[in-house]
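Peer 1: Coordinates for the following, if possible.
(2 chains)
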Amino acid sequence: MSQNNKKSLVDEEGSEARGRTDFIRTLVESDVQSGRFDGRVQTRFPPEPNGYLHIGHAKAICLNFLLAEESNGICKLRFDDTNPETEDERYVEAILEDLRWLGFSPDDIHHSSDYFPQLYEWAEHLIQAGLAYVDDQDSATISKQRGGFGKAGVISPFRSRSIAENLDLFRRMKDGEFPEGSRVLRALIDMQNENMQLRDPIMYRIRTEEHHRTGRDWAIYPTYDWAHGQGDAIEGVTHSLCSLEFSDNRALYEWFLDNLPLNRPAPYQTEFARLELTHTVTSKRKLKELVDRADIDGWDDPRLPTLKALRRRGYPPSAIRDFCSFVGVSRTNSRHAIELLESFVRTELNAKAQRRMAVLRPLKLIITNWPADGNGQPVIEYRSLMNNPENEADGTRQAPFSGELWIEDDDYRQEPPPKYFRLSPGREVRLRGGYLVTCTGDVRDDDGNITEVHCTYDPLTAGGAAPDGRKVKATIHWVEANHALDGAVALYERLFTAEVPGEKTGEPIDDLNPASRELITGCKFEPELGELPNDDVVQFERLGYFAVDENDPRLFHRTVGLRDEWAKLQQRQTGGPQGARG
RNA sequence: UCGGGGAUGGUGUAAUUGGCAACACAGCUGGUUCUGGUCCAGUCGUUGGGGGUUCGAGUCCUCCUCCCCGAACCA
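Peer 2: Presented below is the predicted three-dimensional model:
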């Protein structure tokens, strides 16, 4: 086909690193080239406001919005609110907020409920055309008559009603004359079709529940199938993208649109595989089950894959977007390693996050030859530290230093294991940005617990470099003891121990990681922490990236840890759990 | 059981549409480094299986196997 030539031309001119293409982009591109929809591209993101957005939605959001952007098209947001029993306004607000946070702004916002009048009119149109009928049977009967896989359905005794009777009954359904569950409107298609979706699907059901937007204006509500494609058509959507499980619904999507008096080319549906991650779940039902448990803090518990949780945990929206673009879109069911997402988070944060020092499990370090002032107190000296070695422009900060410091508990071992480079008697290490110190021993209490580590420092090594050029194998972080801020830190591990939660028993809960959250109190932070820009994520050197809690300025959530060669080494040596830094 | 969809390294995605299997994550080895971080280099696959077409197959044909989705008045 001659389209190919044109396509490669476009590609050559196209933006540099865009590069990535996929079957959907190829499809859209070819529609643009062929002039289908007059070259227009319009997509939509259609969440049902019955829950919070999660990482899986992020993929659909990125796909729809980016695709539109790349094609000079538009992407609208549509709340698919056709079921008054499950939907709520608070979800509408939350979805709006999450979308904004992710960095997308819809070209317009609609609700399926906006189309109730049009949908009703079209339903009468189908009745008039003999393509829809009112069925008086109950749910169980209809379900039984639908047949099964490889088993034909049975025709409803009400299928042959006259148009006039159907019209009358349908109007009375709308007027609220009948109780819930007593009647439905069905499309008259084919009870023998091997595609179950086409066996006279339900278009309307009677609901007495109040709708969060239309109140009690309506007694009947359209089903997903009867609302979705029509909403697309009304809005002028060209490419309706949804997940794989709707593949069989496509035939119905097309049937409805084919039988309606549309004034422009009908949109068409294309399915893609939804995003799933290892060690977590994204189904609304399973998520809710977790939230209902006492040990999960709510929909924004940082261990959850909801967008609000990821936000609270410090995941940069750009990292989520990059991740979604990178994993691309295909029709293969798969589950991406959560490590990949984390690597995008690290890449982003490594470049952007300012460095600070924090000691999670403090151990006192005394520099025995450090000078004292007139009152016998250690002299305080200010050391200059780089805010981010990856980004000179971030400048430096001053941190107090003295002969009385907090260091990390596991940065000292009286008897160092093999390959242990940190403090141990006789060993010299660098205190980051401070001095080279040599360990002289430790002090213990009556129970034999280490209470202090003693060192001497080399006054010639201010800043951390030795004039004689000698090297040390380790640089450790510290916080000056008299200026330290106290606080707490929450460490997070995988929510589920299994890569595929519930794979063995069918119940994800069975694979819940009992140690998914560890709250450490009594942490020591460098004073500069108090002057951090709001909701910024910092790197605590050698520990990982941390986000301040929105309500408690002295509580930090670990976004993600740093890669930790030492922990890996230890794990291999002992076969045991990771080091204290986790 | 019927219909629809899928299968490429440890993982996920790609392959100019029939032309030397690429990228990333993870792993491993080494180097650099005032973070055991970052960075750099190297290493790790005969594309689910059989048969066929072809000079040439991940790509086309055929048979088989395995996996996912579908029988809500949910979306």
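
Peer 1: How about residue A:303: what's its closest non-neighbour residue?
Peer 2: Across the structure, with Cβ to Cβ, 6 or more residues apart in numbering as the measure, the residue nearest residue A:303 apart from its sequence neighbours is residue A:495 (4.6 Å). Yep, even glycine has a C-beta here, placed from its N, CA and C like the rest.

Peer 1: Distance check, that neighbour against RNA strand B.
Peer 2: Distance of residue A:495 to RNA strand B, computed by Cβ to the nearest atom of the strand, to the nearest Å: 18 Å.

Peer 1: now do residue A:394
Peer 2: Separation of residue A:394 from RNA strand B (Cβ to the nearest atom of the strand) stands at 11 Å.

Peer 1: can you pull the contacts of the residue nearest to residue A:59 when sequence neighbours are not counted?
Peer 2: For residue A:59, the nearest residue in space outside its immediate sequence neighbours is residue A:275; the separation is 4.0 Å by Cβ to Cβ, 6+ apart. Contact partners of residue A:275, counting by Cβ atoms under 8 Å, 6 or more residues apart in numbering, are A:55, A:56, A:58, A:59, A:282, A:324, A:327, A:336.

Peer 1: My read is that the residue nearest to residue A:303 contacts residue A:515, right?
Peer 2: No. Counting by Cβ atoms under 8 Å, residue A:495 does not reach residue A:515; the two are 10.7 Å apart.

Peer 1: So between those two, which is more surrounded?
Peer 2: Under the neighbour definition other Cβ atoms under 10 Å, residue A:495 and residue A:515 were set side by side, and residue A:495 has more, 23 against 12.

Peer 1: is any part of stretch A:553-567 close to RNA strand B?
Peer 2: Yes. Among the residues of stretch A:553-567, A:562, A:563, A:564, A:565, A:566 lie within reach of RNA strand B under Cβ under 7 Å from any atom of the strand.

Peer 1: Please list only the buried members of those residues.
Peer 2: Judged by neighbour count, with 16 or more other Cβ atoms under 10 Å as the criterion, the buried members of the residues of stretch A:553-567 next to RNA strand B are A:562, A:564, A:566.

Peer 1: Just put those residues in JSON lines and tack on pLDDT and distance to residue A:510.
Peer 2: Converted to JSON lines, those look like this (pLDDT from 0 to 100; distance: Cβ to Cβ, whole Å):
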{"residue": "A:562", "pLDDT": "97", "distance to residue A:510": "31"}
{"residue": "A:564", "pLDDT": "94", "distance to residue A:510": "29"}
{"residue": "A:566", "pLDDT": "94", "distance to residue A:510": "33"}
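
Peer 1: got the residues you listed as JSON lines, with distance to residue A:230 columns?
Peer 2: As requested, these are arranged in JSON lines below (distance: Cβ to Cβ, whole Å):
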{"residue": "A:562", "distance to residue A:230": "51"}
{"residue": "A:564", "distance to residue A:230": "54"}
{"residue": "A:566", "distance to residue A:230": "60"}
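
Peer 1: Next, the contact list for residue A:232, please.
Peer 2: Under the criterion of Cβ under 8 Å, 6+ apart, the contact partners of residue A:232 comprise A:44, A:240, A:267.

Peer 1: could I get these as a markdown table with neighbour count?
Peer 2: Putting the contacts of residue A:232 into a markdown table (neighbours: other Cβ atoms under 10 Å) gives the following:
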| residue | neighbour count |
| --- | --- |
| A:44 | 28 |
| A:240 | 24 |
| A:267 | 26 |
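
Peer 1: Could you list which of those belong to strands?
Peer 2: The strands, defined by DSSP state E, take in A:44, A:240 from these.

Peer 1: Tell me which residue lies farthest from the centre of chain A.
Peer 2: Within chain A, residue A:374 marks the point farthest from the mean C-alpha position, 56.0 Å out by Cα atoms, centre = their mean.

Peer 1: ok but that residue is inside a helix, no?
Peer 2: No. According to DSSP: H, G, I helix; E, B strand; the rest coil, residue A:374 belongs to no helix; its state is coil.

Peer 1: Look at it and report its pLDDT.
Peer 2: You'll see residue A:374 listed with a pLDDT of 91.

Peer 1: which residue sits closest to the residue in chain A positioned nearest to RNA strand B, ignoring its sequence neighbours?
Peer 2: Ranked by Cβ to the nearest atom of the strand, the top residue of chain A for proximity to RNA strand B is residue A:464, at 2.1 Å. Setting aside the residues directly before and after it, residue A:464 is nearest to residue A:430 in space (Cβ to Cβ, 6+ apart), at 5.0 Å.

Peer 1: Residue A:107: what secondary structure?
Peer 2: Of the three states, residue A:107 takes coil according to three-state DSSP.

Peer 1: Just confirm it contacts residue A:73, I think it does.
Peer 2: No. With contacts defined as Cβ under 8 Å, residue A:107 does not count as touching residue A:73, sitting 9.1 Å away.

Peer 1: So which of these two has more stuff around it?
Peer 2: Neighbours were counted for residue A:107 and for residue A:73 using other Cβ under 10 Å; residue A:73 has more, 20 against 14.

Peer 1: what's that one in contact with, if anything?
Peer 2: A:40, A:41, A:42, A:43, A:67, A:238.

Peer 1: if you set the cut-off to 10 Å instead, what comes out?
Peer 2: By Cβ atoms under 10 Å, 6 or more residues apart in numbering, the contact set of residue A:73 is A:28, A:32, A:37, A:39-43, A:67, A:107, A:237-239.

Peer 1: Just the buried ones out of these, please.
Peer 2: Judged by neighbour count, with 16+ other Cβ under 10 Å as the criterion, the buried members of these are A:28, A:32, A:37, A:40, A:41, A:42, A:43, A:67, A:237, A:238, A:239.

Peer 1: Where does the first one fall, secondary structure wise?
Peer 2: In this structure, residue A:28 sits in helix A:23-34 according to DSSP states H and E.

Peer 1: Okay, buried residues for that helix please.
Peer 2: Along helix A:23-34, the positions that meet the burial threshold by neighbour count (16+ other Cβ under 10 Å) are A:24, A:25, A:28, A:29, A:31, A:32, A:33.

Peer 1: likewise stretch A:259-267?
Peer 2: The neighbour-count check on stretch A:259-267 (16+ other Cβ under 10 Å) flags A:259, A:260, A:266, A:267 as buried.

Peer 1: The host helix or strand of residue A:65 to helix A:23-34, inter-axis angle?
Peer 2: Counting by DSSP H and E, the element that carries residue A:65 is helix A:55-70. Relative orientation of helix A:55-70 versus helix A:23-34 (axes from the mean of the first three to the mean of the last three Cα atoms, to 10 degrees): 20 degrees.

Peer 1: Can you list the strands that the helix or strand that helix A:55-70 is followed by pairs with?
Peer 2: Using DSSP H and E, the next helix or strand after helix A:55-70 towards the C-terminus is strand A:74-79. Sheet pairing of strand A:74-79 (DSSP bridges) gives strand A:42-45 (parallel), strand A:109-111 (parallel).
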